[in-house]
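1. Coordinates only, no sequence provided:
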């Protein structure tokens, strides 16, 4: 038929053409034949458009029939004959010379037919060589693209790229897909048709899969382009809410899930590499790269928030698709995709909750909310798995990180049960269950359980740790099939070998260390005195086995620390010193060395965060105590300084106020560095977890005790404010939020006058040791006559005052819980019994001379300088928080007066096989109990210093401060749980129970009363202490000593007032043949003292407590059992011969866990 060149469509034809375009765009293929007929009738010259429409309808019908095998061809619906369409369609295309968009649609339809018929070369020949140029050529003046032309542009690019992929031309396929990205990502997407979205989905899906950097292979990675493609995909899919489907496409049904997984994997790799978003829409500048180091604070925070939000989006969409499409496995199967998904989530969790991210960068809820979200994911994943040991292991780790230990060990118990049954079956059948964790992972998990139980648990948990250690030993000896990949040998394929022969050497070392820790920890707490030495010997054997050269871990810090501490407790001082020196001289970072928040980093990250040096602080502390056991106090003092010297500069550890918390020797040595480096707001202590901070605090306590031994009690009292300042720098003000405060550039020398203003009252001081300055500028100010200059910065002292001088607490009720043996270890703030003679303690002058010549562990100048005191010098107090007016306040955070902040964030490290669990994030109340317990211990320690300096009023004031803290803590705890059990048991984490704290306070009051020669008042205080904790060591020893004094008639059984009141009544009631009540009282006092001491020395808190044994020897002697008294005294000699200045447990805040 001859068609006029200038033929114009009438209104009806244009209407039908519009309807045809709308039907095509929305995939209403059944309507196309009728619309084509009408167009042919009213616009017969548009041969190309109606011929193409009929062909498209038949192709779509062909694809639907292929997908739905349940609808076989019928006489009414014969299968389309696609090859017959090619010639007619090609002829119609060639005849069309006016409408370029119709010609392009016909070419695309021809390529589609060849593509469906699996004729890739013919399909490629029908498509334009450059799709981007074709888009420009199709534009005719101001004519816009029809909806179907837009679809054909994306469709053509997809078909061409798909064929190129099949031919192996991946790079050409990428270029083809990317050539239309600007078109796909344009504004038309918001109002695009279903077919446009469907073909765009197909194109973006293929592009995303090719750009997935987790499977890049040999191709160069392009993170910017990958992010751009994935973001277009997310936008097209309406963030996972899209409902359209590509009915005419032949992609697999799980393609969307695969793309979202690729998106998540790509984001995970970006996260693990520590890359930072730029916020730019340009694919070439999507990441900052090296410029991230110079990013502003706002840019950094915005990029992190964006990264977290994007990762969370991909995570939630992929998870919903996975749970919807994955089926529940059979009992003999495992769901690999679900397990792999859980592994991916855990890998990202370790980084996000690690040291490289802060709570602020994670949005609302911070790291705790992230952990809760991971738990929800794991529990949902468990609904699509059957007894997955991977998921149970992950639940154990994440619950532990959130301090939900009870739930964590429910998961761990299930894990152990499944693994044990699987191993038993494998041992019998010779076939290993592939769904179980491998032996290396199982032992690592069990070792982590031992670490948590021993570090954060109570005696009950220590017993469970012993059971886990026994289970580890059983697994090591158990026969395991040698059929797992990587374990093949030259022996028979079904030969069984012990698990120990198939494990990696490092894992074996970890397993033996865990066994040793469980044994050593149980040896501390067991009630069976005869079994204690057996457990200790087994622990030593396990530690030495872990250090065997065949396990390639001979210098592991954690193992050496545990062995050294155990040898110290076993009184092998020389052996312990050798082990600790071996650890300190080693550069090994150990297996499983964890950075502050638990993620193992690369060497550069560890160096920047001083991970190795921080691990050495407990080892330096242990060495110092070992040296005190050999009476080498000067070298021990220098060793304590060495624990801080290793950080090069005080600002590294403490920020810009580092010099306020160290001894004078260290401050002088770092003065030059301070000038050159400047100050930083934050230090390493701001990134430490609570237990690590406590270790630093314990070193400071030891330094003060050493100062007391070397320079006298007065010097230690003068320096005691340093301890309070250090506490506040580490933990903040206990009366407010538990957050380290912003450090203020305030430094003040400490004098006894500071103590007077600190307590808010005038003290009565000993005239022969301390004189009062008659200084009108500083009323009440006093200075020490010691030549040692004061080195205190009391800026950090908690703002606590005693306002009621006369109002003494009349007593405190104790929570009635029956007496049983399950009590935790208590500590006392008093100096231990001295075994050294006066000749062993040098004077301050001689000590200073000797220290200059000392060739000990920490070389350097004398620890304490000597400067002449200025008798007439005025020393007015500078404005520190506790001396400021109540109407004044410190500048708020962010004020202009604050020093500049330093960005101390670290790049996120790559996780590796040596990962360790993230340290638990305890609830606020639990953290407050820990920090308040520490502050109470600090006050009681200071009270002991004051008491030994005969400053009894100061000592009582310090105890009153501890009393207030304990009372406030008890009120807070009662709002959460008010049962007697809640007050008596410590529970998980650090700190002490409420009852233990009251026992410590009353025992301290008893010791002060005893020092004041008020034995009957002390007797009442010790009785109150025992009513709270019946096995409190200091209270038992103090009370028993007084009872034995009563028996020996050193003191009367009652105070003089009570005795005179009873004298008249006893004279009337006395009979000649009745027993003497006074004699009965004396015998009862002796017997009760014996009972208390005998019980204490059998417990884990008193078996090595020499004061208790000495008092027990006296009880034996008073009872006429001379031989037993001699035996006990020889045991006292043995204990004292190897006794350190403090108890060994103060070194290992986490027990034997470093």
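-> Structure received. A quick note: this is a predicted structure, and the numbers were derived from the prediction, not measured.
2. alpha carbons only for contacts and neighbour counts from here, please
-> Fine.
3. The longest helix along the chain - what's its average pLDDT?
-> Ordering each helix of the chain by length in residues (DSSP state H) puts helix 297-325 first. Mean per-residue pLDDT for helix 297-325: 89.
4. what's the answer for stretch 1112-1129, then?
-> Stretch 1112-1129 comes out at a mean pLDDT of 90.
5. for that stretch, which positions count as buried?
-> Within stretch 1112-1129, the residues that count as buried by 16 or more other CA atoms under 10 Å are 1112, 1113, 1114, 1115, 1116, 1118, 1124, 1125, 1128, 1129.
6. next one: stretch 138-155
-> 138, 147, 148, 149, 150, 151, 152, 153, 154, 155.
7. Narrow those residues to those in strands?
-> Of the buried residues of stretch 138-155, none are assigned to strands by DSSP state E.
8. Following the record's annotation, map out the domains of the chain.
-> 1-126, 450-483+504-584, 930-1029, 1041-1061+1077-1146 (automatic domain parsing).
9. Mind putting those into a markdown table with distance to residue 308?
-> Putting the domains of the chain into a markdown table (distance: least, CA to CA, whole Å) gives the following:
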| stretch | distance to residue 308 |
| --- | --- |
| domain 1-126 | 36 |
| domain 450-483+504-584 | 29 |
| domain 930-1029 | 30 |
| domain 1041-1061+1077-1146 | 41 |
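10. all strands for the chain, in order.
-> 479-481, 496-498, 770-772, 782-784.
11. and the closest residue to residue 1007 other than its chain neighbours, what is it in contact with?
-> Of all residues not flanking residue 1007 in the chain, residue 1018 sits nearest, at 6.6 Å (CA to CA, 6 or more residues apart in numbering). Residue 1018 makes contact with 1005, 1006, 1007, 1008, 1009, 1010, 1039, according to CA atoms under 8 Å, 6 or more residues apart in numbering.
12. how about a markdown table for those, with neighbour count and distance to residue 94 added?
-> A markdown table is the format used below for the contacts of residue 1018 (neighbours: other CA atoms under 10 Å; distance: CA to CA, whole Å):
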| residue | neighbour count | distance to residue 94 |
| --- | --- | --- |
| 1005 | 27 | 107 |
| 1006 | 28 | 110 |
| 1007 | 28 | 110 |
| 1008 | 29 | 110 |
| 1009 | 21 | 113 |
| 1010 | 19 | 115 |
| 1039 | 30 | 113 |
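13. on that earlier part again, with the buried residues of stretch 138-155 in mind, which one is nearest to residue 1024?
-> Nearest to residue 1024 among these is residue 154, at 84.9 Å by CA to CA.
14. show me where the stretch 901-1050 of the chain has helices.
-> 924-948, 952-976, 980-984, 994-1011, 1015-1028, 1033-1047 (DSSP state H, counting those that start in this stretch).
15. ok, residues contacting the second one?
-> Meaning helix 952-976. Under CA under 8 Å, 6+ apart, the answer for helix 952-976 is 759, 763-764, 800-802, 925, 929, 932-933, 935-937, 939-940, 942-947, 983, 994, 997-998, 1001, 1004-1005, 1008, 1012.
16. Can I get the buried part of the residues you listed as one ChimeraX selection?
-> Burial among the contacts of helix 952-976 is assessed by 16+ other CA under 10 Å; the matching ChimeraX selection reads:
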select :759,763,800,801,929,932,933,935,936,937,939,940,942,943,944,945,946,947,983,994,997,998,1001,1004,1005,1008
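17. Look up how far residue 118 lies from residue 162.
-> In this view, residue 162 and residue 118 are 11 Å apart by CA to CA, to the nearest Å.
18. So for these two, which residue has more residues nearby?
-> residue 162 (25 against 12; other CA atoms under 10 Å).
19. re the thing from before, now for the longest helix of the chain, which elements pack on it?
-> In terms of contacts (3 or more CA pairs under 8 Å, 6 or more residues apart in numbering; DSSP states H and E), helix 297-325 is packed against helix 255-273, helix 366-382.
20. Out of the ones you listed, flag the one nearest residue 42.
-> helix 255-273 (42.7 Å).
21. and that closest one with helix 297-325, angle?
-> 140 degrees (axes from the mean of the first three to the mean of the last three CA atoms, to 10 degrees).
22. quick one: buried residues of helix 255-273?
-> Neighbour count says helix 255-273 has 256-272 buried, by 16+ other CA under 10 Å.
23. Repeat that for stretch 642-653.
-> Neighbour-count burial for stretch 642-653 flags 642, 643, 644, 645, 649, 650, 651, 652, 653 (criterion: 16+ other CA under 10 Å).
24. Stretch 96-109 too?
-> Here stretch 96-109 shows 96, 100, 101, 102, 103, 104, 105, 106, 107, 108, 109 as buried, counting by 16+ other CA under 10 Å.
25. Residue 511 contacts residue 444, doesn't it?
-> Yes: applying CA atoms under 8 Å as the test, residue 511 and residue 444 come out as touching, 7.0 Å apart.
26. Of the two, which one has the most company?
-> Using other CA under 10 Å, the more surrounded residue of residue 511 and residue 444 is residue 511, with 29 against 21.
27. quick one: contacts for the more buried one?
-> Contacts of residue 511 (CA under 8 Å, 6+ apart): 443, 444, 447, 472, 546.
28. which of these lies closest to residue 342?
-> residue 444 (18.2 Å).
29. show me what contacts the closest one?
-> Per CA under 8 Å, 6+ apart, neighbours of residue 444: 507, 510, 511.
30. returning to that earlier point: just flag the most distant two among the buried residues of stretch 642-653.
-> Every pair of those checked by CA to CA; the farthest is 642 and 651, at 15.6 Å.
31. and which of the contacts of residue 511 is nearest residue 400?
-> residue 447 (13.7 Å).
32. burial of the residue nearest to the closest one when sequence neighbours are not counted, as a residue count?
-> Nearest residue to residue 447 in three dimensions, chain neighbours excluded: residue 514, at 5.2 Å (CA to CA, 6+ apart). Applying other CA under 10 Å, we find 34 residues neighbouring residue 514.
33. which residues touch residue 514?
-> Neighbours of residue 514 in contact, by CA under 8 Å, 6+ apart: 447, 450, 451, 469.
34. In ChimeraX, select just the buried ones from those.
-> The buried residues among these can be selected in ChimeraX (16+ other CA under 10 Å) with this line:
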select :447,450,451,469
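35. Could you single out the nearest of the contacts of residue 514 to residue 365?
-> For the contacts of residue 514, the nearest to residue 365 is residue 451 (27.5 Å; CA to CA).
36. where does that closest one land on pLDDT?
-> On the pLDDT scale, residue 451 gets 93.
37. Ok, the one 3 residues further on next?
-> Confidence at residue 454, expressed as pLDDT, is 92.
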